[in-house]
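Visitor: Structure for the following, please:
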Amino acid sequence: MDLEARSLQPSAKALCLSKLREYKSDLNQLKKDFKRVSSPYANQSTCEELMEPGMADVHAMPESLHYCCPSRNQLIRWEICSVVEILSQQRQTLLYAHTKGLNDAIDKSKKVLTAMSRRIRRNKWIVGL
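Guide: Residues are numbered from 1 along each chain as shown. Below you'll find the predicted structure:
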């Protein structure tokens, strides 16, 4: 993006470069926040700093909304469950495609064999007459 912004006309170049600098600083700040929260020493106060005002009491929230600072084991369990779910969906897709492909192949071969048997019977009638 930086190279493309520098190649623009001067009128649009300044605006794009300033927005790009702003985006880079936002990205760097988000990276710092992520490292701070994802470190093994992240504690409840770190989570509370990142939450919106009025949402600081994590324990008052329902269990399903505890996204702030899940433990490493919780993250691993969630990741494993999501991977298993994706793999299950892909397995179902592959099985469906395989079954559909087999059914299509069987139908096509039935048509070919039926046409061959008709020709054989027709040829026998022609030879017999």
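Visitor: Show me the helices in the protein, by range?
Guide: Ranges of helices in the chain, per DSSP state H, are 2-6, 10-38, 44-50, 72-128.
Visitor: now the last one, how far from the chain's geometric center?
Guide: Averaged C-alpha coordinates place helix 72-128 at 26 Å from its chain's average position (C-alpha atoms, centre = their mean, to the nearest Å).
Visitor: mind starting the numbering at 23 from now?
Guide: Done: numbering now begins at 23, and the last item shifts to helix 94-150.
Visitor: the inter-axis angle of it versus helix 32-60?
Guide: 110 degrees (axes from the mean of the first three to the mean of the last three C-alpha atoms, to 10 degrees).
Visitor: Mean pLDDT lowest where, among the helices of the chain?
Guide: Mean pLDDT is lowest for helix 66-72 among the helices of the chain, at a mean of 55.
Visitor: Can you pull up the most central residue in this protein?
Guide: With distances taken as C-alpha atoms, centre = their mean, I108 lies nearest the centre of the chain, 8.6 Å away.
Visitor: Quick check: that residue vs I102, distance?
Guide: In this view, I108 and I102 are 11 Å apart by C-beta to C-beta, to the nearest Å. (C-beta placed from N, C-alpha, C; glycine too.)
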